[in-house]
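Colleague: Sequence below, structure please.
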Amino acid sequence: MHEYSLIQSLVSRVEEEARARNALCVHRLAMRVGELSGVDPELLQTAYDTFRAGTICEKAELTVTRVKARWTCPQCEKEIAAGEALQCPACGVAARLCDGGDALMLDSIELEVP
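Modeller: Presented below is the predicted three-dimensional model:
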């Protein structure tokens with residue numbers, strides 16, 4: 001379960017940001033998980049709930065938003081329907097994954113600062 005190591009890295013990064021801003025605590029984190037990222041959002045949440053104890057994130061809520069994989073033509077920007085061949089039906093160009101369908105992103109950190 002690599003979700004635990006991802007959460008460990010996330011909490012370390014948030015602690016760095018909080019320290020740099022002299023934050024008193026963290027209230028909320030928001031993340032996006034791409035459908036093709038290889039990360040299970042439920043396991044990520046479980047890992048966070050387990051790992052945050054004793055950290056600056058202990059009372060912080062984690063919101064995880066799932067991002068569907070979307071494919072488009074890089075030439076004509078036509079969207080390729082789910083389940084179709086990953087090639088543009090209009091111009092024959094190989095499709096491109098877009099909009100973070102394979103990404104894991106930390107969108108925001110809500111900190112309490114003095």
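
Colleague: Now do the SS call for the closest residue to Ile80 other than its chain neighbours.
Modeller: Using Cβ to Cβ, 6 or more residues apart in numbering and skipping the chain neighbours, the partner closest in space to Ile80 is Trp71 (4.1 Å). From N, CA and C alone the C-beta is placed, and that goes for glycine too. Here Trp71 is strand, with the state taken from DSSP: H, G, I helix; E, B strand; the rest coil.

Colleague: residues contacting Trp71?
Modeller: Glu79, Ile80, Leu86, Ala95, Arg96, Leu97, Cys98 (Cβ atoms under 8 Å, 6 or more residues apart in numbering).

Colleague: Do you know the pLDDT at the first one?
Modeller: Among the per-residue scores, Glu79 shows a pLDDT of 88.

Colleague: got the contact list for it?
Modeller: Counting by Cβ under 8 Å, 6+ apart, Glu79 touches Arg70, Trp71, Thr72.

Colleague: ok, those residues vs Ser5, which is closest?
Modeller: Relative to Ser5, the closest of these is Arg70; by Cβ to Cβ it sits at 27.6 Å.

Colleague: so after the helix or strand where Tyr48 lies, what's the next helix or strand?
Modeller: Assessed by DSSP states H and E, Tyr48 sits inside helix 41-51. Next along the chain after helix 41-51, taking DSSP H and E as the criterion, comes strand 61-67.

Colleague: Now that next one: buried residues?
Modeller: Within strand 61-67, the residues scored as buried using 16 or more other Cβ atoms under 10 Å are Leu62, Val64, Val67.

Colleague: for stretch 88-101, same thing?
Modeller: Neighbour counts over stretch 88-101 (16+ other Cβ under 10 Å) mark Cys88, Ala95, Leu97, Gly100 as buried.
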